[in-house]
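Q: okay, here's the prediction I keep looking at, along with the sequence it came from:
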Amino acid sequence: MTMRFSVLASGSTGNAFYVESDREKLLVDAGLSGKQMDRLFSEVHVDPSELSGILVTHEHSDHIKGLGIIARKYRLPIYANDKTWKAMENSIGTIDVGQKFHFGMEEVKTFGDIDVESFGVSHDAAEPMFYTFRHNGKKVALVTDLGYVSERIRKTVEDADAYVFEANHDVEMLRMGRYPWNVKRRILGDNGHVSNEDCGLALCDIISNRTKRIYLAHLSQDNNMKDLARMSVSNVLTERGIHLDICDTDPKTPTVLYDVG
């Protein structure tokens, strides 16, 4: 009885996360076109018609672009909180009432043999939230799209076996880059995105001896690079005597299914 996951896509252009047990298959977000989502599923050898449901984090297009298409095509249930449902209604097209489900903030829902806990994050969306997944004593935490890691979030996501954690930007690349100042200020603010260094510092507070692997997620195309993110986070961890597998994610290529055990 194991839990496995793949970061199907992660980055400024689109995000999707897949997690499964021997009995359940769940998708978090569908931020690419329907055609691209189908391709990603085929690359990890998953039949999307077998999904138990799609969990939504928030209404930004890089998280819901293909949501309506995939849900209608495969008749899949969608789970989101009330404010997110209202915020994304006009973007995802008509969804049958029988496919609409409520998943509240700081709630635990059980899908077969996977317990999913939602937690709020600081981001400029209606009511953004992310998730932890527990199965057979194992825990995976998905944490992106947040301006800072609060004490409440730390408590919720600490002591996981694996993390998919935001390392959105290198602060100097962002400051020197081509973005207008108001966009830079948004990204750097409390409702923006976590930098490489802040990712490393947050991880130092939450990982434990059981943590085996970290995936760096939601990297900015313009203000970060995979090698730089990995090096920056690794340096922060190493300074504190922490040595872990740090893995890349990609906006177009899924990670190999990882068996959490």
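A: Structure received.
Q: pull the contacting residues for residue 136.
A: 1-3, 21, 113 (C-beta atoms under 8 Å, 6 or more residues apart in numbering). In this view, the C-beta of every residue, glycine as well, is placed from N, C-alpha and C.
Q: how many neighbouring residues does residue 117 have?
A: Applying other C-beta atoms under 10 Å, we find 18 residues neighbouring residue 117.
Q: what residues are bridge-paired with it?
A: residue 108, residue 132 (DSSP bridges).
Q: what sits against it?
A: Taking C-beta under 8 Å, 6+ apart, one finds 106-108, 131-132, 134, 156 in contact with residue 117.
Q: okay, strands next: where are they in the chain?
A: In the chain, the segments counted as strands under DSSP state E are 4-9, 16-20, 25-28, 53-55, 78-80, 100-102, 108-111, 114-120, 129-135, 138-143, 162-166, 213-217, 245-248, 258-259.
Q: coming back round to it: I'd like to know which of the contacts of residue 136 are buried.
A: 3, 21 (16 or more other C-beta atoms under 10 Å).
Q: nearest to residue 123, of the contacts of residue 136?
A: residue 3 (26.1 Å; C-beta to C-beta).
Q: what pLDDT, on average, does stretch 191-208 get?
A: On average, the pLDDT along stretch 191-208 is 97.
Q: and the longest helix seen in the chain, what's its mean pLDDT?
A: Secondary structure assigned by DSSP state H gives helix 226-239 as the longest helix of the chain. Per-residue pLDDT over helix 226-239 has a mean of 98.
Q: from the contact counts, what lies against that helix?
A: Other helices and strands packing on helix 226-239, by 3 or more C-beta pairs under 8 Å, 6 or more residues apart in numbering; DSSP states H and E, are helix 196-206, strand 213-217, strand 245-248.
Q: pick the most deeply packed of these.
A: Of all these, strand 213-217 carries the top mean neighbour count, a mean of 24, counting by mean count of other C-beta atoms under 10 Å.
Q: from the contact counts, what lies against that strand?
A: strand 162-166, helix 226-239, strand 245-248.
Q: what is the burial count for residue 131?
A: 23.
Q: test my guess that it contacts residue 120.
A: No - if you go by C-beta atoms under 8 Å, residue 131 and residue 120 don't touch, sitting 11.2 Å apart.
Q: drop anything exposed from the contacts of residue 117.
A: Those of the contacts of residue 117 that meet the buried threshold are 131-132, 134, 156, by 16+ other C-beta under 10 Å.
Q: before we move on, the earlier item: joint contacts of residue 131 and residue 120?
A: Common neighbours of residue 131 and residue 120, using C-beta under 8 Å, 6+ apart, do not exist here.
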